[in-house]
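Participant: Give me the fold of what follows.
(chains A and B)
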Amino acid sequence: MGKRTVIPFGPQHPVLPEPMHLDLVIEDERVIEAIPQMGFIHRGLEKLVAKKDFMQFVLVAERICGICAFGHSLGYSETVEALMGIEVPKRAEYLRVVWHELSRIHSHLLWLGLLADAFGYENLFMQCWRLREDVLDIFEETTGGRVILTACNVGGVEQDIENSELAGIVIRLDAMRSEYGELLKTFLKDRSVKSRLVGVGYLSKEDAFKFACVGPFGRASGLEDDVRMFGFGAYGDLAEFAPVVSNDGDGYARCEVRALEVLQSIDIIKEMVDKIPDGPFNQKIKGAPEDGSYSSSRLEQPRGECYYFAKGNGTKFLERFRIRTPTSQNVAGMVQTLQGCELADVPLNVLTIDPCISCTER
Amino acid sequence: MGSFHLTKMSLRNLFKKPATKMYPVVAPTYTSRSKGHVTCDMKECILCNICEKRCPTHAIAVNKPDETWSIDNFSCIQCLSCVRACPKACLTMEPDYTKAAFTKSTVTLHKPELTPEEKAAKEAAEKEKAERIAKAKAAKAARDAAAAASE
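Facilitator: A predicted model of the protein is given here:
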């Protein structure tokens, strides 16, 4: 038995785009225990509900994180709409789903690129990010922003997408699908990718359930858990929806689930564009949330289930707003995968939960 | 299994144009909805202050006595709140981005100098308004006096 050593990992580390600290207790080259520590980039954004009124706060909610930007503005809007009993026009609901699924595609392509970079496949990394640029271009053409879209607001969406533009988006996504197919084949069938991912960071279904893992991380361990299947908003109009699930529970399964979800998102967008009704896309909001009223909503972010809570106090400022993000749920599962793994696998295991520290610390 | 799944794409990319642009040497292409910077048509602006009140980052300042409208482009988050709130639709979002700079600065726009005709028209309108007010005041005083006399 070797001597136990504690190695600090982060908060500044090449594999981590955002700061998170891990104390790795290692014995020889094996990790015995990992102790996470967070809170390096807490900005107190939830508290800003006291300074920004409920219509302006959507701009703050969007800036919680750059990758889940649209998701957070959508989650916040849905929560406040539930708080005030506002019914959103049907067209706005469909447009929200289109943008949200585009966000999922760009988030997953970003992650797949980072994964390729983590196991040293630079070419694959660059091809993933090149494809992601197409999605960002669609964002710029439809909303004017590439990362911060400012497209969603309480009561609907800020701007419409013409039906002809929507058809153009579908054509571009179809063109992307054939190129993405080649990347998918590389991710799922390449020998070098498999040798680096198969069996790395195993998490059993029981553990995933015990640690309440959400999103692709939980689904890769066999948990059939996806908020989209409950049919909130326009998701309820989908002909069928079955979450992408894998039972392997290792890094390869997480890669597979996310890679296949990109295709699933393209299919959802196509269906939404086919079914989108004409009509208004926004409505004027009058009044303020009632005193003592509270509401909550759930949303499937690219990283998993995100929970929003809002409480009104009769003024235009909310009393309380709270977000529970997917990464905060998945950290316990990540620590579990780190136990017993090789030191060289730590960066890959941290990456496979797709950590988003900005969301988690807000 | 196999190792050369990406070769086809790599070879294809050898004969394609680069996916990136040599910005800023090559000018970027903006879309009609691109959010660059906000400008104000001072001819139309009535200095009503609504844009200043709606701005979430306090980037806009309206000075009524000096008849100026100024924006701090470094604070502006291009949220379009001001453009949507403007009652005269004189604010527009231009698609091109502002240039990088070493120091933060604000852009101040002044109300344009009026031409002699416009000046005369404005003075005439003001005179007419003053006359109307005086007339209304006199009528009210006469009404009040009549009411007091009848009591």
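
Participant: only C-alpha atoms for contact and neighbour calcs from this point on.
Facilitator: Noted.

Participant: Make sure A:Asn247 is indeed in a helix.
Facilitator: No - with DSSP: H, G, I helix; E, B strand; the rest coil as the criterion, A:Asn247 is assigned coil and is not in a helix.

Participant: who touches it in this structure?
Facilitator: Going by Cα atoms under 8 Å, 6 or more residues apart in numbering or on different chains, A:Asn247 touches A:Lys205, A:Arg219, A:Ala220, A:Ser221, A:Gly222, A:Ala253.

Participant: closest to chain B among the residues you listed?
Facilitator: A:Ala253 (16.0 Å; Cα to the nearest Cα).

Participant: Identify the residue nearest that closest one in space, chain neighbours excluded?
Facilitator: A:Ala220 (5.2 Å; Cα to Cα, 6 or more residues apart in numbering or on different chains).

Participant: try A:Gly144
Facilitator: B:Ser34 (3.9 Å).

Participant: hmm, back to that, was I right to think the residue nearest to A:Ala253 contacts A:Pro243?
Facilitator: No - with contact defined as Cα atoms under 8 Å, A:Ala220 and A:Pro243 do not form a contacting pair (10.6 Å).

Participant: which one of those two has more residues nearby?
Facilitator: A:Ala220 (30 against 18; other Cα atoms under 10 Å in any protein chain shown).

Participant: Show me what secondary structure element comes after the strand or helix carrying B:Asn13.
Facilitator: In this assignment (DSSP states H and E), B:Asn13 forms part of helix B:7-14. Once the chain leaves helix B:7-14, the next helix or strand it forms, by DSSP H and E, is strand B:37-40.

Participant: gap between the longest helix seen in chain B and the chain center?
Facilitator: For chain B, the longest helix by residue count, based on DSSP state H, is helix B:116-150. Put simply, helix B:116-150 sits 34 Å off its chain's centre (Cα atoms, centre = their mean, to the nearest Å).

Participant: Mean confidence (pLDDT) on it, please.
Facilitator: Here helix B:116-150 scores 89 as its mean pLDDT.

Participant: What of stretch A:203-218?
Facilitator: The pLDDT scores in stretch A:203-218 average 89.

Participant: do stretch A:285-300 as well
Facilitator: For stretch A:285-300, the per-residue pLDDT averages 86.

Participant: Which residues outside that stretch are in contact with it?
Facilitator: Counting by Cα under 8 Å, 6+ apart, A:71, A:75, A:78-80, A:82-84, A:154-155, A:215, A:226-228, A:305-316, A:318 sit against stretch A:285-300.

Participant: Run through the residues of chain A sitting next to chain B.
Facilitator: A:52, A:56, A:59, A:124, A:130, A:140-145, A:150, A:182-183, A:185-186, A:189-192 (Cα under 8 Å from any Cα of the partner chain).

Participant: and those, which are buried?
Facilitator: Burial by neighbour count, 16 or more other Cα atoms under 10 Å in any protein chain shown: within those this picks out A:52, A:56, A:59, A:124, A:130, A:140-145, A:150, A:183, A:186, A:189-190, A:192.

Participant: Select from these every entry located in helices.
Facilitator: Going by DSSP H, the helices hold A:Leu59, A:Leu124, A:Arg130, A:Glu140, A:Glu141, A:Thr142, A:Thr143, A:Leu183, A:Thr186, A:Lys189, A:Ser192 from these.

Participant: so A:Ile357 touches A:Met20, yeah?
Facilitator: Yes - counting by Cα under 8 Å, A:Met20 is a contact partner of A:Ile357 at 7.2 Å.

Participant: In chain B, what residue lies closest to chain A?
Facilitator: B:Ser34 (3.9 Å).

Participant: Quick one: residues contacting that residue.
Facilitator: A:Glu140, A:Glu141, A:Thr143, A:Gly144, A:Gly145, B:Glu94, B:Pro95, B:Asp96 are the contacts of B:Ser34 under Cα under 8 Å, 6+ apart.

Participant: ok, now A:Gly145?
Facilitator: A:Gly145 touches A:Phe139, B:Ser34, B:Lys35, counting by Cα under 8 Å, 6+ apart.

Participant: from what I can see the last one touches B:Thr98, true?
Facilitator: No - applying Cα under 8 Å as the test, B:Lys35 and B:Thr98 come out as separate, 10.5 Å apart.

Participant: what about those two, which has more around it?
Facilitator: The neighbour comparison of B:Lys35 against B:Thr98 (other Cα under 10 Å) goes to B:Lys35, with 24 against 12.

Participant: State the phi and psi torsions of the more buried one.
Facilitator: Phi and psi for B:Lys35, reported as degrees, to the nearest 10, are phi -100, psi 100.

Participant: Likewise for A:Ala175?
Facilitator: Main-chain torsions, A:Ala175, degrees, to the nearest 10: phi -60, psi -40.

Participant: If I look at it, what pLDDT would I see?
Facilitator: 90.

Participant: do the same with B:Met1
Facilitator: Note for B:Met1: predicted pLDDT of 53.

Participant: ok, now A:Met1?
Facilitator: For A:Met1, pLDDT reads 61.

Participant: one step back: comparing A:Ile357 and A:Met20, which residue is more hemmed in?
Facilitator: Neighbour totals were compared for A:Ile357 and A:Met20, and A:Ile357 leads with 23 against 20 (other Cα under 10 Å).

Participant: which SSE is the nearest residue to that one once chain neighbours are set aside in?
Facilitator: Excluding its sequence neighbours, the residue lying closest to A:Ile357 (Cα to Cα, 6+ apart) is A:Glu18, at 6.1 Å. Per DSSP H and E, A:Glu18 falls between elements, in no helix or strand.

Participant: and if you look at A:Ala242?
Facilitator: Counting by DSSP H and E, A:Ala242 is part of no helix or strand.
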